[in-house]
Each structure stands twice: as structure tokens, then as C-alpha cells.
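Q: From the sequence below, what's the structure:
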Amino acid sequence: MMDALHTTGIHFAEVLQAGPPCLEKFWISVTSLADPKCVFTICFPLAYFLDRKVGVSVLWIGLVSEWLNVVLKWFLFGERPFWWVHESGLTRKELVTLRQFAVSCETGPGSPSGHCMITGAALWPLVTALTALASRHSRSLVVKLSPFGAYTLLLLAVGLSRIFVLAHFPHQVVGGILAGAALGWGLQGHTPATRTMGFFVAAALALLLGSLALHSLVIAAGIDIDWSIRLATKWCSNPAWLRLDTRPFASICRDTGSALGLGLAAAFPLPRGGQLEPRQRVASAMLALVAMQVFHRLLQPTDVTLWYATNFFKYAAGPWLVTSLLPWLVLSLGRPRGSPHTD
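A: Take a look at the predicted model:
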């Protein structure tokens, strides 16, 4: 049954890749923008300067859903199209015309789709907030439903893009979308927006220890946990396309680091009275976007262990940069010269 489902998915991917050439850049752009990393480096800063509580909710739900996605992938053993089409022998039975791209060679298991699940979950509180805002300013049903309409179209586009680049089968995409929407809805009311540093440090420790315990459990059960990395390495058409940040443990570093980063942000808030005006919010958001992109491109060690450690510290520093350091810098630059310094 799974072979039939996979074969149908391969044929669907062929149909997508046979579409107009102009759509190729579109699908690759969509899958790149919906990378789970973007929840931490783009969606979180933008949402935070729209509304602090919503921003924290986006980051918290994003890191929890990504952690759960890794756990599901460890136990569901999902294949990926770019290697299954060869491992299954389908290419020897019939002519298959498929291409790989630089974003195709994901190294973790494929089920469910992380792009769909994590993006769908993390954006839920933002979409809910925009829906409430639209409802306050308009009586039009179309306007009120437009945020959720855009959310649905975005997830559909993300899902199709993942099939197009051979990263996922259709059933993995559907599972990711449903799981993401359910998690977003379920976790939105449980965002620890006002917790202390101790809570987030405990959460980071729980995520890390939980990951290590489950990893040990899978190995003790005699399961080869690195099977997907070997298949990705074997069938990726360009070794340069294999990226460390697609490995499951890279996600664990990102999630535990971000949870710790929320603790740092709680420990070092803005000084009392440090409220940002609308212009300063916009300036802080733009500065945060640029700073996060530059920050995450710095220090890319080639040693795997060092890369993981660097990745962890980058994501631990991210929330503190966004919620404390950069807003403080904007407030300082916006203070009139010669005015007394007040907290």
C-alpha cells in the first residue's frame, strides 16, 4: 500500500515539474521562505514588534512544534522522494523524469513535513491576532476571513513546493499541515508569555534531555537512526547540497537554544518606561531582520560538533537580541541629544 502511495506521489511530482518553467523559481522561493529557520529569524521578529505576546507565542509554538516534528520523524520513518525513487527500483521499471534542486537533499526522515507542520503551527497565533484586528476595524466577512484565507493559501503553496523539489510525498505534506494547524490551535492558549527565566531554562533542559532519552531509546530498540542521512548522501546529485542544518539534531539545537534565549530575554527586559513608539517598532523590526540574517551567516565552522555548538549559541542569543538589545539601541538613538538619561 505504501509503495502505491509513494508511486502516486512520484507521478504527482512529475506533473508539477512538467509545469511552466517560470514556476520553478516560484516553488523554490516558497520552499526557502517556509524553511523552519525562518520562523526563528523572520516571523518571530516581525510578530514581536507587532505585538510582544504574539511574538513570544510564535517563537514558543515554533520551537515546540519543531521538537515534536523531530520526534515524529524518528518514529514514523518517512521516505523522501529524491531517494525513494531510486531505492524502490521504480526508475528501473519505468521512465521517470525528475530533477533535484539545491533544496531537495534534506537529510532527516520525511514524515510529516516539517515545513508545513512548523510553519502552520507557528503562524497560527499571528493569523489569529490579525483576524481579531480585522474584525475590530471591519464588518466585512471577507476582510475578517482574509488572514485565514492567506494562511490556507500559504500552506497549500508550501506543500506543493515541497512536492515539487522532491523533499516530500503528498501524504506527508497533508499530515504536516493538519498537525501544524492542530498544534497552533492547541498551544496558542498555553504560551508562557509572562514566565520567568527559570521556566524557560527548565523547558530548554527538558527538551534536550527528552531528545537524548528518545534518541537512546530508538538506538536501544536496534533502529538505525542515521538511515536517512546515509540515503540522502547516497542519492543527492550534488554533495554540496547536503546541509548540516537539515539534520534532526540541528533542529534540537535550534529549539533548545531558542527556549534558553527566551529565558535570557526574560532576565534582561527593557528598562522600565522603555516603550517603543510605532516608528521605533518599525525601525526595530527592520534592524532585527537584518541583524538576524547577518548574525546567522557568521561563524560557520566545518567541524560538525563545533557547528552544532555554534548553532545552539546563535539561537540562544537571538531572542535576547530581538527583545532587549536592539530595541534598547533604537531607544538610545532616538533619545534627543542633551536630554537627561532616564530609565
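Q: For the spatially most central residue of the chain, which non-adjacent residue is spatially closest?
A: Nearest to the mean C-alpha position of the chain, by Cα atoms, centre = their mean, lies Pro36 at 1.6 Å. Closest residue in space to Pro36, ignoring its immediate chain neighbours: Ile118 at 4.4 Å, by Cβ to Cβ, 6 or more residues apart in numbering. To be clear about C-beta, it is placed using only N, CA and C from the backbone, and glycine gets the same treatment.
Q: Wait, the one you found touches Trp67, no?
A: No - the criterion here is Cβ atoms under 8 Å, and Ile118 misses it with Trp67 at 9.7 Å.
Q: And those two? Which one has more around it.
A: When Ile118 and Trp67 are compared on other Cβ atoms under 10 Å, the one with more neighbours turns out to be Ile118, at 33 against 22.
Q: Which element, helix or strand, includes that one?
A: Element membership for Ile118, per DSSP states H and E: helix 114-137.
Q: Mind exporting the C-alpha coordinates of that helix to PDB?
A: Written as PDB, here are the backbone C-alpha positions of helix 114-137 (Å, rounded to 0.1, in the frame of the first residue of the first chain):
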ATOM      1  CA  GLY A 114       8.400  20.000   8.900                       C
ATOM      2  CA  HIS A 115       8.000  23.000   6.600                       C
ATOM      3  CA  CYS A 116       4.200  22.600   6.700                       C
ATOM      4  CA  MET A 117       3.900  21.500  10.300                       C
ATOM      5  CA  ILE A 118       6.200  24.100  11.900                       C
ATOM      6  CA  THR A 119       5.100  27.000   9.700                       C
ATOM      7  CA  GLY A 120       1.500  26.100  10.100                       C
ATOM      8  CA  ALA A 121       1.800  25.900  13.900                       C
ATOM      9  CA  ALA A 122       4.000  29.000  14.400                       C
ATOM     10  CA  LEU A 123       1.900  31.300  12.200                       C
ATOM     11  CA  TRP A 124      -1.400  30.300  13.900                       C
ATOM     12  CA  PRO A 125      -1.200  33.000  16.700                       C
ATOM     13  CA  LEU A 126      -0.200  35.600  14.200                       C
ATOM     14  CA  VAL A 127      -3.100  34.800  11.900                       C
ATOM     15  CA  THR A 128      -5.500  34.800  14.900                       C
ATOM     16  CA  ALA A 129      -4.200  38.200  16.000                       C
ATOM     17  CA  LEU A 130      -4.600  39.600  12.500                       C
ATOM     18  CA  THR A 131      -8.100  38.200  12.300                       C
ATOM     19  CA  ALA A 132      -9.100  39.900  15.600                       C
ATOM     20  CA  LEU A 133      -7.600  43.200  14.300                       C
ATOM     21  CA  ALA A 134      -9.500  42.900  11.100                       C
ATOM     22  CA  SER A 135     -12.800  42.200  13.000                       C
ATOM     23  CA  ARG A 136     -12.300  45.300  15.100                       C
ATOM     24  CA  HIS A 137     -11.900  47.500  12.000                       C
END
